[in-house]
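*Asks:* Got a predicted structure here, sequence first:
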Amino acid sequence: MLTSFQRVFSQLKYLIEVVFGLIFPQKCLSCDNETTTKTKGVCFACKSKINWSKPFEKEINSQILQGVNLSNVKAAYSLFYFSKEGVEQALIHQLKYRGSWRTGLLLGEELGLSISDGESDTQLDCLIPIALFHRKQFDRGYNQAYYIAQGLSSITGAPVLQKLVQKCKQTQSQTKLSREKRRLNVKNTFLASEKFKKLKAIGLVDDVVTTGSTLREICKEIISVNESIEIIIFTIGVVRIE
Ligand SMILES: [Zn+2]
């Protein structure tokens, strides 16, 4: 399936990025106060304000699974409920618009730790970050989902594979669209590699999930290549749908 070279390369790349991250001063990603190495990234005060998803695992699992609505998708995990005014928003903003890929690593690690106590018994072949359209990735300089996947990989051991799903065209932001419009907006925008034929179970990694329209579209594309593949969804934030 994966060559040992790919595994070693993935781990090595991650290590270099972590060491590089240590060179930067340790300030809270949300409020700018100093942090200790123990709290990593977010200070204690900000950490205590985060709406962690742990107590709502079942609710989150069913919200995402219902949104995606495909039987190949077996489970879904999120680190927190996304709050527009909260620390959660500050973290996602750092990750997407302030060039802080390190936030992605930290959040991915936190997500991995929050689910590492034996709940997920599916052995994953790899983790796949949700692809950005190439021009968007060029403008941002990186794909935030890639760093979340690397953080998660450091805990789960599943290697990160990029480029197995390509985004073929730029789409309008989903933020202000209704569920139906979101679905139409992302229709036929992704292309999955034939390599999925060789994979049994994969993890799809995203930053924030709302209706699950984008994930559904990607999963459908992957399933069109391999109809028996099992998919687990990993995301940092979920926007609660009332
Ligand atoms: Zn803080």
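*Replies:* Right, received. Where do you want to start? As the structure is a prediction and not an experimental result, all values here were calculated from the model.

*Asks:* low-scoring pLDDT stretches of the chain, where are they?
*Replies:* 1-3, 17-25, 36-39, 116-121 (pLDDT under 70).

*Asks:* Spell out which parts of it neighbour the ion.
*Replies:* C28, S30, C31, N33, C43, C46 (Cβ under 5 Å from the ion). Bear in mind the C-beta positions are built from the backbone N, C-alpha and C, glycine included.

*Asks:* In a markdown table, list those along with secondary structure and neighbour count.
*Replies:* Rendered in a markdown table, the data for the residues of the chain next to the ion read as follows (DSSP: H, G, I helix; E, B strand; the rest coil; neighbours: other Cβ atoms under 10 Å):
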| residue | secondary structure | neighbour count |
| --- | --- | --- |
| C28 | coil | 19 |
| S30 | coil | 24 |
| C31 | coil | 14 |
| N33 | coil | 12 |
| C43 | coil | 20 |
| C46 | helix | 21 |
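
*Asks:* Tell me where the chain has helices.
*Replies:* 4-23, 44-49, 57-68, 87-97, 101-114, 134-140, 144-156, 179-186, 213-225 (DSSP state H).

*Asks:* Buried deepest among these, which one?
*Replies:* Comparing the helices of the chain by mean neighbour count (mean count of other Cβ atoms under 10 Å), helix 144-156 comes out on top with a mean of 26.

*Asks:* Could you export it as CSV, CA atoms only?
*Replies:* Extracted C-alpha coordinates of helix 144-156, given in CSV (Å, rounded to 0.1, in the frame of the first residue of the first chain):
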residue,chain,number,x,y,z
GLN,A,144,-4.5,24.5,6.5
ALA,A,145,-6.1,21.0,6.5
TYR,A,146,-2.7,19.5,5.6
TYR,A,147,-1.2,20.8,8.9
ILE,A,148,-4.2,19.6,10.9
ALA,A,149,-3.7,16.2,9.3
GLN,A,150,0.1,16.2,10.2
GLY,A,151,-0.8,17.0,13.8
LEU,A,152,-3.3,14.2,13.9
SER,A,153,-0.9,11.9,12.2
SER,A,154,1.7,12.4,14.9
ILE,A,155,-0.8,10.9,17.4
THR,A,156,-2.5,8.2,15.3
